[in-house]
Each structure stands twice: as C-alpha cells, then as structure tokens.
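K.L.:
model this:
(chains A and B)
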Amino acid sequence: MFRRDTPAEAEFRMQVRTWLEANLPAVLRGRTVRPPPAELMPWYRTLSRKGWIAPHWPTQYGGMGATLNEQIVMTEELARIGAPALPAQGLNHIGPILMEFGTAAQKAQHLPPILVGTVIWAQGYSEPGAGSDLASLMSRATLQGDHFVVRGHKIWTTWAHHSDWMYALIRTDPQAQPRHAGISFLLIDLHSPGVKVRPINTIAGDEEFSEVFLDDVVVPAENLVGKLNDGWRIANALLGHERLATANPQFPLMTLDRIKAIARATGVIDDPAFQDRLAAASINVTTLSALFSHAVELTNNAHSLGPEASIIKLFSSELLQALNDLLVEAAGGHALADQPVATGFGDVDVAASFFQSRRVTIYGGSSEIQRNVLARRVLNLPN
Amino acid sequence: MELRLTPEQSLLRDSAGKFIAAAGPKVARGFRRQNPPFAPARLRAAGDLGWLGILVPAAQGGLGLGLTELALLLEQAGQGLVCEPVGSAAISAAALSAPPHPMLKAVMSGAALVVPALQEGPHGDDPLVPRTRAQMERGALRLSGNKMFVCADGAEGFLVSAGSAQGSILCYVARDAPGCTLSATPTVEGRALALLALADAPADLISAHPSSRNAVDALHNLALFAYSCELLGVMEKAQDITLDYLRLRKQFGKPIGSFQALQHQAVNMYIRAQAVRSLVFAIAANNDPYCMDPVMAIAAKAKASEEALAVTQAAIQLHGAIGFTDEHDIGLYLKRAMLLSALLGNAAAQRRRYTEIAGLRAYI
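P.N.:
Numbers count the residues shown, from 1 in each chain, chains lettered A, B, ... in the order given. I've put the predicted structure just below:
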C-alpha cells in the first residue's frame, strides 16, 4: 500500500506474476497447511530451475542477488497467488550463515544442494528444558580427536522428519559463564547412526515439527561452523531480514479478504458491532503496511534495524492473530468445520487458518521475549 | 524507528524543537481557562518562521511544503503541549490560499487567527452533507446553522462548511459578522470550545484548490491529519516522561522499570506510538495536502485518537498516585489527548465513517 514499485520493479512484478500463473500447479495454491515434501519439493525444484529459489542469495552462490525491494515483490507475488511456504531453514538460515561464517569446504558441500532442492535442513535450537531460555540448552558435544560425540535432545524442530541435515546449537563448554559462551554451532547429518526423529502432531492437525534424539552421534570436527564456543553469536547474527520477511502485510491483507468473505456469507457484515472490529482490523493492516515500508526504507539505507525489528515481529504476529480471531467470530459455528467453508466468494479454511496463527507469537522468540528485548535494549529500562 | 529526512526537513524539525523548548507543560498550565488560551506574540513568531504558511504555495507567500513537513512541525507541537493553534492556522491558511482570500496574509503572519468550524455533532459528521445552509441573497452569501466544538477563543474568523445548491461549500465568516454568536463551554483541557450559531450571517465563498475534489473535503481531511500529528507528539512525550519515571522511581529497593509487568506495559506504549508514527509519516509521504485520500485521513485519526488515549492513560497508571495529581504534568497530556481525540469525531466515530468510505461491506 505505501511502498510503491519503481518502473523496473513493476516490470519484475508482472514477470513474476505471469510466470507463477503459468507454472504453479493449481493443487498447490491457497493451501493453509504446508504440503508434504513429495508434493512440495517438485515445486521447489521448478523455482530453482527458473533461478528464483534464492532471491536474497548473492549471484556468486547461485542466488538472484535481488535487491530487498525485489525480494519483497517476490514474497508478495508468491503470497498473492497462494503459493505454499517453502522449507526455509536452508534458504533463509543456514545458507546465509554459511556464506558469512562457513569454510570454503562447508559452502561447497552444502550450498548447492539447498539451491537445487535435494537436501532439506532443520534447525536444532530448542530443547525440552530450553525454550525461551535458549542459553540453558544441555545437548552436549565432546571433541574426541577428529570428531565430536553429540548427545542430547532437540524439540520443536520444524520438518526434522523430512530433513537430511540439522544445524544445531550444542554445548561444548559446560563450565562457561555466561552460559551462552559455551555453545557451538554444529552441522549434523540426520542420517547418522544414533539420530532418532519423532514427529509431533500440532493443534493445527499437522506434523510440522518433530523432536530429535541424539544418542552419541558422531559429527566430524569439520562440521563446526565458526570457532568453538562462538555458536551463540553466529545463530543471532542474521535475524533481522527474517523478521522483515514474515512481517509482509500481504498475509494480513489476505486474511482480511477471508474475513470479509465469510462475514458476507454468514451475514454478520451487517452487524455494527462487527463492523467496528472489522474497521479497526483494516486500519491496523494499513498501519502494518506503514510500519513495514518504514522498516524496509531503513534497511535499504543500510541502517540495520537492530533490536527495533522486534516491533515488526510483535505488531505483525499479534495482528495476524487478532485477524484470525475475527475470522472465527465472523464464521460463528462454521469455524468448527474441520474442512474449508464455502462462502460464495471462495472457500475459506477458517479453523486451519486460526490454528496456524497461534504459532506466530511463539516461534522465533515469543511475544513476551520480544517485549523483554524491546524494554531492555530499545527503551533502556533497568534490569 | 527513526525517520529518513532531507536536510531541509531536519532543519525544520530542529527549529521546531527550539520553538517548543520555550513551551511545555508549565506554559500550557498557565494558559488554562485564559482567553485567548495562548500567547498571540508566539503565534506571530510561528508566522515569522513561515510555519503558518507551510502548505501555502510559494507564489502566495507560503513555504509551499507538504504533509511531511506539516507532520514534523505538529508532532513537535504535540510533544511540547504548544498552546498556539499552529496546526489550525496552517491548514486554514492552506484553505484560504487558492485563490488568495483577503485574510490569507494576516493568517500566515499570525496577526489574525482563522480556525476551521466544520463539526455539527458530538461524533463528527460526513463533511460533504453539512446541515448548515448557505443561501444567496441579492448577490451576497448568507449562512444559517450551528457549528460545535469550535476553538474560537482568539480567532477572528471561521472556515465554515455549508450545504448549498452546488453541494457542500466552504465559507469564511468573520467573528464580528452580524448573525454570528458564540457560546463557550470550558473544557477539561483548559481551553473553551464554542457553539457557533449562524443566523443569516454574511460569508465569503472559499474556492477549492485546483487539485482538491471539494474545499470542505480537503480541509476536513487536512484537519483530521493535523490532529493525528499532534496526538502523535502528545503520546510520544507522555511515553518519554513515563520511561524516565520508571527508571528513577524505586520500590522494593529497585527501580520499578526493572519489573517485567511494567516493562511490558512500557513496550506496549512504545509500540502504539511507533505504529502511529509510521502510519502518520507514510500517509504524509503518499498524499497531496490539497487532495488527501479521505480513507487515509480517517485511518490516521482513528488510530491516533485511540492510541493517544491508551498511551496517556497507561502513563498515568504507571506513575501511580502522583500521576493522579494535578500537580504532576502527566495529566496534561491525557487532557490534550482527550481534546484532540474528540475533535471531528473520536476513534469509534472515525471507524464508523471508515466502514462506509473504505467500502468494507462491499466485497473486496
């Protein structure tokens, strides 16, 4: 709404739109839940062959080397056509991390398979006893000659049961103070002996994440990224862009359309009390567009957003949740249907959309943790 | 989040900062229940700096700047609880500028104050269907009707909306015009708001700027936006004062700002203010001052009104008992927020209009 395409960006947008219309299979459009790899990865590889799988990767690593605005155009066009979410751990996390911190050998081994879509990555950060307090993690690696022996338990690991590799934060110095100074960043082959992966069913009815048991898993020493005990810094280095991408107002705009569709179908659109909430929601989506374009402008001008990026994460995730609450309200009894609801303006998967929105204020640092970060690091409130 | 400004915009903001350094809550306190509730010399000083002609084209002697500059100025006015009606004068000057009305020069210089009088009910109105009527009698325009909540003290004239055979028109009415009576009600904020009764009062027709759809629509949108900018400044300053208090005030042997429950409330204030800030400046960057998108002007006023009240109320809560005293300044920010939120319709009233104008009931 507030960000306007330059003529070149507008041309790129039309190019992307036309290509997506011609190439994204209809069965993959508008899915509320991410399809399993057998359905999704062929689409991943189609994007890869087109050269569009990694807009944000530099060309030297096979990416598009796109500007931030071009990346946003792609995100918006993918959202517009209802393209399914791709596995992001390789493209958005370990790929950029290896580009910055990896050895030449690590880059050569791991970046090409991410680009072509032959390897899927998982992120092994959280543990049963280390969620918001991530630095308390206890999975241990001991260096024995040319390899580490890793023992521990990771959880909430998105798509681990579909993944080939996992990058993980593992404790390598149990005595270190502060605790995060004793953590290293390791690349673990999930096909190694001693790895057991168990999928976890979510309240959304999907198996988006798993727990990973590591029972004396042998990890070659060359799979350490960066220096020993420097894993915390590496894991935290590249969070800003990710927060920006997930805050794109395109997703709330789509939810707003779904609310209007279902509210028309159920008749609640004529209720003044509902209209008031819908107007507030719509104004908040406009506000997110403003916050987003503001953040993009600052990022484009090499001002790192820094801890202020938490505002974007908080505002967009809490808005998406509020919108889904309104969607459920508009649907009334239809919100209980465990299948899409026909509206006359397209089918709306009310319950699935609602459940999916519950996770956005938890992952990537819960809303409460984001507030702690803002209070201490932006508002400079005392400890 | 910081704003990316041109060097000229930074200069304007800095000079506005210097101007408000001489304002602030102590000064605002002194103007409560005064008539006029501001210093005329300070209004002239704002005129000397060019600010009252900030939107007026350079050909008419103004600065010819846009909504971003207006927003920078009024954000600071809000922060400083400035009592001089800089915003009202600036948007009135814009309305009087095309073609120039005889009052334009005096308004731009701050020698005379003209303020909008557009509101006819407690919840704001559809600006395009005023109940005040305009009639031509022997070649002279005469108005009859009532305008409410007019910041009339210190004003020499009003910009009044009226219905006519040609639709909604904007008119200038002098304060001392025959048939023009004012009855003032004191407000909690300190200044009086007046009922402006017009009985066959003579008026001048104000033409619309060439890029405006309608002169009333343009002024109304501009007024909604100007109030939003001031509300932004009010909530930002209330937040700053509260953060300082949280850092200094000790209970249980620690600064109360170290308690997570209070930290999270402080962050909520911060997010509210930042959201309004991004919204106000995004709208400023994307709109022509003489032809604002009414949906955007309404969105800004709805959001700013709601959040300014939430922030200033939270500010009082976080201060505890001292925040409830008249002696402490924080209450002045709540009262200024109440005034600006209510003018031309509060957040709920804006949302009602938004529903109609943004076409929320029509599908996509």
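K.L.:
Quickly list the domain ranges of chain A.
P.N.:
A:7-86, A:121-234, A:240-378 (automatic domain parsing).
K.L.:
To residue B:153, which of these lies closest?
P.N.:
domain A:240-378 (32.8 Å; Cβ to Cβ). C-betas here are computed from N, CA, C, even on glycine.
K.L.:
Output the longest helix belonging to the chain.
P.N.:
Using chain A. In terms of residue count, the longest helix belonging to chain A (DSSP state H) is helix A:272-300.
K.L.:
was after chain B, sorry
P.N.:
Ranked by residue count under DSSP H, the longest helix found in chain B is helix B:215-248.
K.L.:
In it, which residues are buried?
P.N.:
B:215-239, B:241-243, B:245-247 (16 or more other Cβ atoms under 10 Å in any protein chain shown).
K.L.:
which among those are in contact with chain A?
P.N.:
B:243, B:246, B:247 (Cβ under 8 Å from any Cβ of the partner chain).
K.L.:
where's the last one relative to residue A:383, distance?
P.N.:
I take that to be residue B:247. 11 Å (Cβ to Cβ, to the nearest Å).
K.L.:
List the neighbouring strands of the helix or strand where residue B:173 lies plus their orientation.
P.N.:
Using DSSP states H and E, residue B:173 falls within strand B:167-174. Paired strands of strand B:167-174, with direction, are strand B:157-164 (antiparallel), strand B:192-206 (antiparallel) (DSSP bridges).
K.L.:
one step back: the longest helix of chain B - what's its average pLDDT?
P.N.:
Helix B:215-248 shows an average pLDDT of 98 in the prediction.
K.L.:
Give me every residue in the stretch 1-150 of chain B lying close to chain A.
P.N.:
B:1, B:2, B:4.
K.L.:
Would you map the strands across chain B?
P.N.:
In chain B, the segments counted as strands under DSSP state E are B:114-117, B:133-137, B:140-150, B:157-164, B:167-174, B:180-186, B:192-206, B:250-251, B:254-255.
K.L.:
need those strands in JSON lines with mean neighbour count, can you?
P.N.:
Compiled in JSON lines, the strands of chain B are given as follows (neighbours: other Cβ atoms under 10 Å in any protein chain shown):
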{"stretch": "strand B:114-117", "mean neighbour count": "26"}
{"stretch": "strand B:133-137", "mean neighbour count": "14"}
{"stretch": "strand B:140-150", "mean neighbour count": "20"}
{"stretch": "strand B:157-164", "mean neighbour count": "25"}
{"stretch": "strand B:167-174", "mean neighbour count": "22"}
{"stretch": "strand B:180-186", "mean neighbour count": "14"}
{"stretch": "strand B:192-206", "mean neighbour count": "20"}
{"stretch": "strand B:250-251", "mean neighbour count": "10"}
{"stretch": "strand B:254-255", "mean neighbour count": "15"}
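K.L.:
Which stretch among the domains of chain A approaches chain B most closely?
P.N.:
With Cβ to the nearest Cβ as the criterion, chain B lies closest to domain A:240-378 of the domains of chain A, at 3.6 Å.
K.L.:
Now that closest one: average pLDDT?
P.N.:
Rounded mean pLDDT across domain A:240-378 is 91.
K.L.:
Same question for stretch A:22-30.
P.N.:
pLDDT averaged over stretch A:22-30 gives 94.
K.L.:
same question, stretch A:70-89
P.N.:
Mean predicted confidence for stretch A:70-89 is 91.
K.L.:
what's the spacing between the residue nearest to the spatial centre of chain B and chain A?
P.N.:
Most central residue of chain B, judged by C-alpha distance to the mean C-alpha position with Cα atoms, centre = their mean, is residue B:227 at 2.8 Å. Distance, residue B:227 to chain A, by Cβ to the nearest Cβ, to the nearest Å: 16 Å.
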